[in-house]
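Engineer: 3D, please:
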Amino acid sequence: KKLHQKKSDDLLAKLEDEHQRVQAQWADFLEKSALVQRSKEIHETKIVSLEEVVKRSVHKIRTLEKQLSGLNPKSFHDQLVPSRNEIEYKQKEVNNFSDESDTLTTQLVQYREEYQILDAKLDEEKKQLQSLTGRSASLHALQQESLGQKNEKENEWLKGRNLEKAKRLGMILEVEDDWGLAVELVLGSFLQAVCVDDGEIQNYPDLLGSFSEGSMNLLFPSQTGSKSSSSNFLSSKIKNNSFAGDLVSQVKVARDFSQALELRMSLRDGESLVTKDGVWLGKNWIRISKDEKNSGTILQRQKELVSILEELKFIEEKIENSELDLENISENIRSKEIERESINKKLKDKQASLGELRERLGEKSFEGKKMEVDLKKFKDEISQLENQLEKDENELAEQKKKVSEVIKVFEKDGEKREEYAAERIAI
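Structural biologist: Next comes the predicted model:
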């Protein structure tokens, strides 16, 4: 009985130990099983999260690819070629108008310089004209006084016989150089003589009847011509001397006073000698004239007057031509200014049109550059998303693999659960 009790106690102790072992084994199994379950839940949560991330990434990539497909910078830039060609054409037009405007400006500068030069020349010519006119008026007044043309009664008498336009002898004589003083000395008051044709007085049989005061010389053309045309006679020193021929036909010339004295005794009756320096002598007389030499002779003044009148005519023609040239240049300036104004207006319009085209092209070019930036940005973003997607898919595959391994562990744990459960029941 004691032995039986002892065996019972030993068996009970053994069963108690077995029960504790099984309980400990079961508790350990449950703890490990809970850890596996927790691991499974964690991996599944990661899988769900990764699948959502992958889904979003795929959707984002597709969205970007769709946007990317709408971006074609090359095609966009190709569409800008006509605008660039138009701008190039407009720029050529602007350059042409600008060159034309510059050419007109250069021409205007040249015309204005020519105008200033010609205007200064015209002023100088007018000053010359004024000076010559003054000199002419002064000489004319002095000549009228010397030729007796200021005698009002004489002029009135001449006018009454239609002789007011008749020339005085001093106005028509042409004398060789240096012989003017000699001719004046010999002709004396006859230089004031009125030169008329015989026919002009035929209608006035009482020609001198009404001349009641003063003195006057009338000269008619010589009927016989000059008897002495030898160079030894004073008549050879006078050109066109039909009126003065008879007055100087008996006057010889001498080189100087010494020669005149040598020739004096050989003079015939009525003949005389005169030197170019103003000494006139006959066989028994001498006349000297020095005043006119100092103050200027009638013939010298007349010669100067003729020269001045010719010069005045020449200056007046120059002034007329200069004024005409000045008017032509002024017209050229006006014409070029109008032309340049028209060109500048066209240039301004072309520049404005070109500016608008460039502004529009600039906006389009900015769009094209923005498109290129967006294209690069989308490609970079897609590349980044694809790289991340690859990582996420790899991570997702890894998590699924781990879940699969956990499930296998679960299956083994299920077998152990049954085994451990049977042991517990058995105890």
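
Engineer: when you work out contacts or count neighbours from here on, use the C-alpha atoms and nothing else.
Structural biologist: Fine.

Engineer: torsion angles phi and psi at Cys195?
Structural biologist: Dihedral angles of Cys195 (phi, psi; degrees, to the nearest 10) stand at phi -90, psi 120.

Engineer: before we move on, what about Phe233?
Structural biologist: Torsion angles, degrees, to the nearest 10, at Phe233: phi -110, psi 150.

Engineer: my read is that it contacts Lys252, right?
Structural biologist: Yes. Contact criterion CA atoms under 8 Å: Phe233 and Lys252 qualify, at 4.0 Å.

Engineer: who has more neighbours, those two?
Structural biologist: Lys252 (25 against 22; other CA atoms under 10 Å).

Engineer: what is the burial count for Lys379?
Structural biologist: 16.

Engineer: spit out the contact partners of it.
Structural biologist: Leu68 (CA atoms under 8 Å, 6 or more residues apart in numbering).

Engineer: now do it against Glu386, distance only.
Structural biologist: 10 Å (CA to CA, to the nearest Å).

Engineer: give the contact list for Glu316.
Structural biologist: Here Glu316 is in contact with Leu129 (CA under 8 Å, 6+ apart).

Engineer: same question but for Lys345, I mixed them up
Structural biologist: Counting by CA under 8 Å, 6+ apart, Lys345 has no contacts.

Engineer: please redo it, this time with the cut-off set to 10 Å
Structural biologist: Lys345 is in contact with Phe97, Glu339, Gln351, counting by CA atoms under 10 Å, 6 or more residues apart in numbering.

Engineer: which residues of the chain fall in strands?
Structural biologist: For the chain, applying DSSP state E gives strands covering 174-175, 194-195, 218-219, 238-239, 251-254, 272-275, 279-281, 286-288.

Engineer: mind listing residues that contact the fourth one?
Structural biologist: Residues external to strand 238-239 that are found in contact with it (CA under 10 Å, 6+ apart): Ile172, Leu173, Glu174, Val175, Glu176, Trp179, Gly180, Val183, Ser229, Ala244, Gly245, Val248.

Engineer: any idea how many residues pack against the nearest residue to the fifth one once chain neighbours are set aside?
Structural biologist: Closest residue to Glu176 apart from its sequence neighbours, by CA to CA, 6 or more residues apart in numbering: Lys237 at 5.4 Å. Using other CA under 10 Å as the criterion, Lys237 is surrounded by 21 other residues.

Engineer: so Lys237 makes contact with Leu181?
Structural biologist: No. Assessed by CA atoms under 10 Å, Lys237 is found out of contact with Leu181, at 11.6 Å.

Engineer: between the two, what contacts are shared?
Structural biologist: Common neighbours of Lys237 and Leu181 (CA under 10 Å, 6+ apart) are Val175.

Engineer: if you count neighbours, what's buried in stretch 165-183?
Structural biologist: 168-175, 179-183 (16 or more other CA atoms under 10 Å).

Engineer: likewise stretch 388-404?
Structural biologist: For stretch 388-404, by 16+ other CA under 10 Å, it's Leu389, Asp392, Glu393, Leu396, Gln399, Lys400, Lys402, Val403.

Engineer: possible to save the buried residues of stretch 165-183 as CSV with distance to Ser222?
Structural biologist: Shown next, in CSV, are the buried residues of stretch 165-183 (distance: CA to CA, whole Å):
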residue, distance to Ser222
Arg168, 16
Leu169, 13
Gly170, 17
Met171, 18
Ile172, 15
Leu173, 14
Glu174, 17
Val175, 18
Trp179, 22
Gly180, 21
Leu181, 23
Ala182, 21
Val183, 17
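
Engineer: most widely separated two among these?
Structural biologist: Arg168 and Trp179 (19.0 Å; CA to CA).

Engineer: overlap in contacts, Phe233 and Lys252.
Structural biologist: Joint contacts of Phe233 and Lys252 (CA under 10 Å, 6+ apart) are Glu271, Ser272, Leu273, Val274.

Engineer: between those residues, identify the one with the most neighbours.
Structural biologist: Val274 (29 neighbours).

Engineer: Asp256 is in contact with that one, correct?
Structural biologist: Yes. Taking CA under 10 Å as the definition, Val274 is a contact partner of Asp256 at 8.4 Å.

Engineer: backbone dihedrals for Ser231, please?
Structural biologist: Dihedral angles (degrees, to the nearest 10) for Ser231: phi -70, psi -10.

Engineer: neighbours around it, how many?
Structural biologist: 11.
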